[in-house]
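[1] From the sequence below, what's the structure:
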Amino acid sequence: MSSSLLGLTYLDALRINNINAKKYKISLAQWSINGSISKGKISPVDFAIKARELEIDAIEHVNTLYSLNSDYLSKNSMKTLVRDLNSRADDNGVKNLLIMISQEGELASNNKKSRAKAIDQHKVWIDVANEIGCESVRVDLRGGNSFNQWKQNSILSLNTLCEYSPDLNITVENHGGFSSNGKYLAAVMKSITLANCGTLPDFGNFCINGSPNPSNSNLCKKWYDRYEGINDLMPYAKALSAKSYDFLDNGDEKYIDYYKMMRIVNNHPYQGYIGIEYEGNRLSEDEGIIATKKL
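    Predicted structure coming up:
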């Protein structure tokens, strides 16, 4: 069908064609509702219920929302958590896709004992991920005073975690520091041969030093180009995070060119889920999630 029949300009038709070149499944990152969880408006274990209300059938949990940002794990055991997450997912026809693991120690620490402790703490959540049927976990690579130290420490920790759970994807997100340099993180991936190791590229987290919120440029002292970064990391992608902050009147994301991003994504073999992760303040959590989903 020609673009004229659709009432579209040639550029509009080209953009739509590029984005629809592949069909991606949609998941929802729990961080999108972190405010409601932190304020006690919703229990973190009811995440699957919220996703179903928003007509999304795969979810990405965040470990800290069960511990640091809520009192769930101060009142319940890990065994109860697994039971609750499985029952909520089953009852609502939602897939537990992934767990994002944070605040469990520095996997790239120069201190061998600290690194070993971090690995053990990550294993706890890897076990949970396996018990609730996840495809992947996401880890951060923090630590190291130089690129070479960070790289070598990261490789050691990732190899250990991948060998510990060979049927689960161990993915790394660009999440500050050396990991937000796309070429640096790609260099780590190139040095690991285990098939279950990969990346979780995030459209927004390319601030190397500071906070990645683009609405205040003073919060980040050093950026890595987000489009170059996504291109660096997509060859190793096993999950993908569609970060959003705010939207223009026409529905486009205000700070991230989603058309450009999706052209880059489409140029790589990845065909998995794209996870909605809304971090804005102007729209409500539900409104931001829905606006991102429409993109």
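
[2] quick one: the helices in this protein?
    Per DSSP state H, the chain carries helices over the ranges 10-19, 34-38, 47-53, 72-75, 78-92, 112-131, 147-164, 182-190, 226-233, 258-266, 285-294.

[3] can I get the ones you listed in a markdown table with mean pLDDT?
    Shown next, in a markdown table, are these (pLDDT from 0 to 100):
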| stretch | mean pLDDT |
| --- | --- |
| helix 10-19 | 48 |
| helix 34-38 | 98 |
| helix 47-53 | 99 |
| helix 72-75 | 97 |
| helix 78-92 | 98 |
| helix 112-131 | 99 |
| helix 147-164 | 98 |
| helix 182-190 | 99 |
| helix 226-233 | 99 |
| helix 258-266 | 97 |
| helix 285-294 | 97 |
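
[4] what's the closest of those helices to E106?
    Proximity to E106 (Cβ to Cβ) singles out helix 112-131 among the helices of the chain, at 5.6 Å. Heads up, the C-betas are built off the backbone N, CA and C, glycines and all.

[5] The closest one - contacts with which helices or strands?
    The contact analysis (3 or more Cβ pairs under 8 Å, 6 or more residues apart in numbering; DSSP states H and E) places helix 112-131 against helix 78-92, strand 95-100, strand 136-139, helix 147-164.

[6] Does anything pack onto the third one? Which helices or strands?
    With contacts defined as 3+ Cβ pairs under 8 Å, 6+ apart, the secondary structure elements packing on strand 136-139 are strand 95-100, helix 112-131, strand 169-173.

[7] Let me know the angle separating the second one from strand 95-100.
    Between helix 112-131 and strand 95-100, the angle formed by their directions is 170 degrees, by axes from the mean of the first three to the mean of the last three Cα atoms, to 10 degrees.

[8] got a list of contacts for helix 112-131?
    Here helix 112-131 makes contact (Cβ atoms under 8 Å, 6 or more residues apart in numbering) with 63, 78, 81-82, 85-86, 96, 98-99, 101, 104-109, 136-137, 139, 143, 153, 156-157, 160-161, 164-165, 167-168, 170.

[9] Could you rerun that using 7 Å?
    Here helix 112-131 makes contact (Cβ atoms under 7 Å, 6 or more residues apart in numbering) with 63, 78, 81-82, 99, 101, 104-107, 109, 137, 139, 153, 157, 160-161, 164-165, 168.

[10] Hmm, L97 is touching E135, no?
    Yes: between L97 and E135 there is a contact under Cβ atoms under 7 Å: 5.8 Å.

[11] out of those two, which sits in the busier spot?
    In this view L97 and E135 are compared by other Cβ atoms under 10 Å, and L97 has more residues nearby, 25 against 19.

[12] got the helices and strands packed on helix 112-131 as CSV, with distance to N174 columns?
    Shown next, in CSV, are the helices and strands packed on helix 112-131 (distance: least, Cβ to Cβ, whole Å):
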stretch, distance to N174
helix 78-92, 27
strand 95-100, 13
strand 136-139, 11
helix 147-164, 13
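
[13] and of the ones you listed, who's closest to I42?
    I42 sits nearest to helix 78-92 of all the helices and strands packed on helix 112-131, at 11.8 Å, using Cβ to Cβ.

[14] Pick out the residue nearest the middle of the chain.
    For the chain, the residue nearest the mean C-alpha position is S241 (4.4 Å; Cα atoms, centre = their mean).

[15] And the pLDDT for the nearest residue to E279 once chain neighbours are set aside?
    Spatial nearest neighbour of E279, chain neighbours left out: Y245 (5.8 Å); criterion: Cβ to Cβ, 6 or more residues apart in numbering. pLDDT recorded at Y245 is 97.

[16] who's in contact with Y245?
    Listed by Cβ under 7 Å, 6+ apart, the contact partners of Y245 are 213-215, 254-255, 279-280.

[17] So which of these wins on neighbours?
    G280 (22 neighbours).

[18] before we move on, back to that, could you dump the helices of the chain into a markdown table and include distance to L200 and mean neighbour count?
    Formatted as a markdown table, the helices of the chain follow (distance: least, Cβ to Cβ, whole Å; neighbours: other Cβ atoms under 10 Å):
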| stretch | distance to L200 | mean neighbour count |
| --- | --- | --- |
| helix 10-19 | 20 | 14 |
| helix 34-38 | 17 | 18 |
| helix 47-53 | 18 | 21 |
| helix 72-75 | 23 | 12 |
| helix 78-92 | 20 | 16 |
| helix 112-131 | 13 | 17 |
| helix 147-164 | 13 | 19 |
| helix 182-190 | 10 | 19 |
| helix 226-233 | 8 | 22 |
| helix 258-266 | 13 | 18 |
| helix 285-294 | 17 | 18 |
